[in-house]
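Participant: Predicted coordinates and the sequence they were generated for:
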Amino acid sequence: MIGFVDMKTTEKLGWRQQNRANRNRLAFWTFLWLVTLAVVYFGHRYIWQEQPVVTGLMIVVNVVIGFVMIWANKVMLNGLDELEQKIHLTAMGLSLGTGLVLGFAYSALSDTGLIDFEAQITHLAVVMSLTYLAGTFIGMKKYQ
Amino acid sequence: MKNRLKVLRAERDWTQADLAERLEVSRQTINAIEKGKFDPSLPLAFKASRLFNLSIEEIFQDDA
């Protein structure tokens, strides 16, 4: 299992293998976080018949796994070399800023009725993910 | 900032990947430093200095 346990074993690995292990760990916890989020939605409706206690517990599990995912991301970033860190942190800054500006604008459009559908958090997540990917790509091209 | 990494590397018949492995950075980082697109941190400059057994000033020179 990719988790806390293999942190000690990766200390003995080379720089490249350790980075691969860090990326795999992040992918594992991100996947688990997405699965628990999906379980909250689908389980609430189809499995435990909308019992609020079970839904609440599953949300707690999802949030805990989300924080482990954040920790795995931090470990992954710390393992990168300085140029890779610069590229990723710049892309994250771009993504955060774009998310904030477009998120509030989108919310304002929705609240004022200028768009006839309700603003969804998933739309913001898609924008932030795409901005992060674009930022990483631009950074990689810049230093090629 | 200018540097002699490419020359020092060539003297030892190392590829960018070889030097990257020895300095524990990516090949892209070595390429960016050699082309002057990215200035290394002081710890990385010290690491290169130890690797080539030269002072930092003998590897990296200020543009000014």
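Facilitator: Great, that's in hand.
Participant: Low-confidence regions, chain A specifically.
Facilitator: Along chain A, the parts satisfying pLDDT under 70 run over A:1-13.
Participant: give the contact list for A:Ser95.
Facilitator: If you count contacts by Cβ atoms under 8 Å, 6 or more residues apart in numbering or on different chains, A:Ser95 has them with A:Met128, A:Ser129, A:Thr131, A:Tyr132, A:Gly135. In short, each C-beta sits where N, CA and C put it, glycine included.
Participant: Can you get me a residue count around the spatially closest residue to it that is not a sequence neighbour?
Facilitator: Closest residue in space to A:Ser95, ignoring its immediate chain neighbours: A:Tyr132 at 4.0 Å, by Cβ to Cβ, 6 or more residues apart in numbering or on different chains. By the measure other Cβ atoms under 10 Å in any protein chain shown, the count of residues near A:Tyr132 is 19.
Participant: so which helix or strand takes in A:Tyr132?
Facilitator: helix A:121-142 (DSSP states H and E).
Participant: Sort out which residues of that helix are buried, please.
Facilitator: For helix A:121-142, the neighbour count (16 or more other Cβ atoms under 10 Å in any protein chain shown) marks A:Leu124, A:Val127, A:Met128, A:Thr131, A:Tyr132, A:Gly135, A:Thr136, A:Gly139 as buried.
Participant: what about stretch B:49-57, start to end distance?
Facilitator: Its first and final residues considered, stretch B:49-57 spans 9 Å by Cα to Cα, to the nearest Å.
Participant: Sorry, slip of the keys, the one I care about is stretch A:46-53.
Facilitator: 15 Å.
Participant: Run the chain-centre distance for it.
Facilitator: How far stretch A:46-53 lies from its chain's middle: 26 Å, per Cα atoms, centre = their mean, to the nearest Å.
Participant: which other residues reach it?
Facilitator: A:His44, A:Val54, A:Thr55.
Participant: still on that earlier bit, with only the CA atoms kept, save the helix holding A:Tyr132 in CSV.
Facilitator: Extracted C-alpha coordinates of helix A:121-142, given in CSV (Å, rounded to 0.1, in the frame of the first residue of the first chain):
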residue,chain,number,x,y,z
ILE,A,121,-18.2,24.3,-7.5
THR,A,122,-17.2,21.5,-10.0
HIS,A,123,-17.0,24.2,-12.7
LEU,A,124,-14.5,26.1,-10.6
ALA,A,125,-12.5,22.9,-10.0
VAL,A,126,-12.3,22.3,-13.7
VAL,A,127,-11.1,25.9,-14.4
MET,A,128,-8.5,25.6,-11.6
SER,A,129,-7.3,22.2,-12.9
LEU,A,130,-7.0,23.4,-16.5
THR,A,131,-5.2,26.6,-15.4
TYR,A,132,-2.8,24.6,-13.3
LEU,A,133,-2.1,22.3,-16.3
ALA,A,134,-1.6,25.2,-18.6
GLY,A,135,0.7,27.0,-16.0
THR,A,136,2.8,23.9,-15.7
PHE,A,137,3.0,23.5,-19.5
ILE,A,138,4.0,27.1,-19.9
GLY,A,139,6.6,26.8,-17.2
MET,A,140,8.1,23.7,-18.7
LYS,A,141,8.3,25.4,-22.1
LYS,A,142,9.8,28.5,-20.7
